[in-house]
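Visitor: predicted model and sequence below, questions to follow.
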Amino acid sequence: MSKVRNLTCIVCPRGCQLSVTLGDDGRIENITGYTCKRGYTYAQDECTHPKRTVTSTVRCEDGAVVPVKTKDTVPKEKIFEVMRAIDRVVAPNRLSIGDVVIEDVCGTGVSVVATANKK
């Protein structure tokens with residue numbers, strides 16, 4: 001018997017209401033409600049291998065904090081590991097938006113980057 005999973009797309013502000021039909025084997029049979037390809041991809045990923053962007057702050061050498069985020073999404077099951085790695089980092093005092101603070105965080109292939117300037 002098929003199972004229907006209802007999702008709200010979080011890729012853009014439109015918030016499309018998605019409906020994903022999953023077969024008994026967990027495979028996707030049908031996706032409806034998306035208005036763009038990104039919504040379709042989000043529904044696939046969310047039902048097969050959920051991923052998230054992680055946002056946080058890092059402490060700099062002078063004690064100030066700077067906001068950071070993962071440059072791309074990371075597997076949902078790695079979020080706590082990524083947060084521990086971010087917590088251990090001490091960033092330089094001078095950062096620009098987009099500067100890499102951690103490269104390939106936790107073997108995900110995704111970098112953690114600064115999201116604000118610090119001079």
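Guide: Yep, that arrived.

Visitor: tell me where this structure has strands.
Guide: Along the chain, counting by DSSP state E, strands occupy 3-8, 17-22, 28-32, 51-52, 55-60, 65-70, 74-75, 90-91, 100-102, 112-114.

Visitor: any idea how this structure splits into domains?
Guide: What automatic domain parsing lists as the domains of the chain is 3-48, 55-114.

Visitor: thought Thr70 was touching Glu103?
Guide: No. Thr70 is beyond contact range of Glu103, at 11.6 Å (criterion: Cβ atoms under 8 Å). Any C-beta I mention is one placed from the backbone N, CA and C, and that applies to glycine too.

Visitor: any chance of the domains of the chain in TSV, plus mean pLDDT and mean neighbour count?
Guide: Listed next are the domains of the chain as TSV, based on pLDDT from 0 to 100; neighbours: other Cβ atoms under 10 Å:
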stretch	mean pLDDT	mean neighbour count
domain 3-48	94	15
domain 55-114	97	16
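
Visitor: residue nearest the centroid of the chain?
Guide: Nearest to the geometric centre of the chain sits Thr53, at 1.9 Å (Cα atoms, centre = their mean).

Visitor: remind me, longest helix of this structure?
Guide: Counting residues, the longest helix found in the chain (DSSP state H) is helix 37-48.

Visitor: ok, the residue nearest to the centre of the chain - contacts?
Guide: For Thr53, the contacting residues are Lys69, Thr70, Asp72, Thr73, Val74, by Cβ atoms under 8 Å, 6 or more residues apart in numbering.
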